[in-house]
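Peer 1: sequence below, structure please.
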Amino acid sequence: MVITGPFSAGKTQFIGSISEIDVVATERKISSAAEQIKDTTTVAMDFGRITVGDDLVLYLFGTPGQRRFDFMWDILSQGMLGFVVMVDSTKPETFREAKRILETFESYTGTPYVVAANKQDMEDAWEPDDLRIILRLREEVKILPCIATDKESVKNVLLELLYSILEQIDQEVSN
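Peer 2: Got it, this is the predicted structure:
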């Protein structure tokens, strides 16, 4: 599974909340004063793992959110079963970038995806239905409320993605 989205959308936190191993992160200190939203940024990928059942282990790969590292997106998308697009619901200035990232990943492959409307616990968070409109998401695209620091919330997003993947597999087998 690939976890993608704009800079500071919550990708590293999302993976860290659910991973059963210590997240392998490629965080580096930010030197640009313009990006002092946080102190570090992912420069290659984050990696986590979660065991869902006796015969099902999910590997989670978090992408860098900054455009200058977008060459990693293609690399990380190869062989993915599905992806999550993280959107910081409190930052409308990032919505255009989230849409661009979503379209880029859609162009790589026809794998299922969901959109996670992160920071739904914040007072100024946009509602998922409003995000659907602003991001121009088709009705069949699942947009889910999320709090990346909450394990249950992260689990619900991943389960919805798994359901979408299983549904696609069932359709392919039926055809």
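Peer 1: and stretch 53-60, what's buried?
Peer 2: 58, 60 (16 or more other Cβ atoms under 10 Å). In this view, the C-beta of every residue, glycine as well, is placed from N, C-alpha and C.
Peer 1: one more: stretch 143-155?
Peer 2: Neighbour-count burial for stretch 143-155, counted by 16+ other Cβ under 10 Å, picks out 143-148, 150, 153-154.
Peer 1: what residues does the helix or strand encompassing residue 173 touch?
Peer 2: Under the criterion of DSSP states H and E, residue 173 resides in helix 151-174. Helix 151-174 is contacted by residues 1, 14, 17-18, 50, 52, 58, 81-84, 111-114, 116, 120, 142, 144-148 when judged by Cβ atoms under 8 Å, 6 or more residues apart in numbering.
Peer 1: show me what contacts residue 145?
Peer 2: Per Cβ under 8 Å, 6+ apart, neighbours of residue 145: 117, 120, 128, 153.
Peer 1: run through the bridge partners of it.
Peer 2: For residue 145, the beta-bridge partners under DSSP bridges are residue 117.
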